[in-house]
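Colleague: fold the stuff below for me.
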Amino acid sequence: MTIVELLHTTKEVAEKSGFRSASAEFLVLLFRAQAEATVEFIGAHQELESESRELGFKLIWRGLTGA
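Modeller: Residues are numbered from 1 along each chain as shown. Sure thing, here's the model as predicted:
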């Protein structure tokens, strides 16, 4: 259920922010790449877990919303 909600929200934001032509598959791959990078970084720097998790989310969200 969470994945479906994430995809729905992402598509809504993408449509409002000029990414209308981006396919759902492309957006999912962007999320996946960001998540993998965040997890890898946290694995190497466990003391920065909380900050890294928050930053990983903000980077994607700001990229989509421009905010």
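Colleague: give me phi/psi at residue 22?
Modeller: The phi/psi pair for residue 22 (degrees, to the nearest 10) reads phi -70, psi 130.
Colleague: try residue 53
Modeller: The phi/psi pair for residue 53 (degrees, to the nearest 10) reads phi -60, psi -50.
Colleague: which elements pack onto the helix or strand of the chain with the lowest mean pLDDT?
Modeller: Using mean pLDDT, DSSP states H and E, the weakest-scoring helix or strand in the chain turns out to be helix 2-16, at a mean of 73. Contacting helix 2-16 under the criterion 3 or more Cβ pairs under 8 Å, 6 or more residues apart in numbering; DSSP states H and E are the following elements: helix 24-44, helix 49-65. To be clear about C-beta, it is placed using only N, CA and C from the backbone, and glycine gets the same treatment.
Colleague: centre of the chain to the last one, how far?
Modeller: In this case it means helix 49-65. Centroid separation for helix 49-65 versus its chain: 7 Å, with Cα atoms, centre = their mean, to the nearest Å.
Colleague: all good on my end, thank you.
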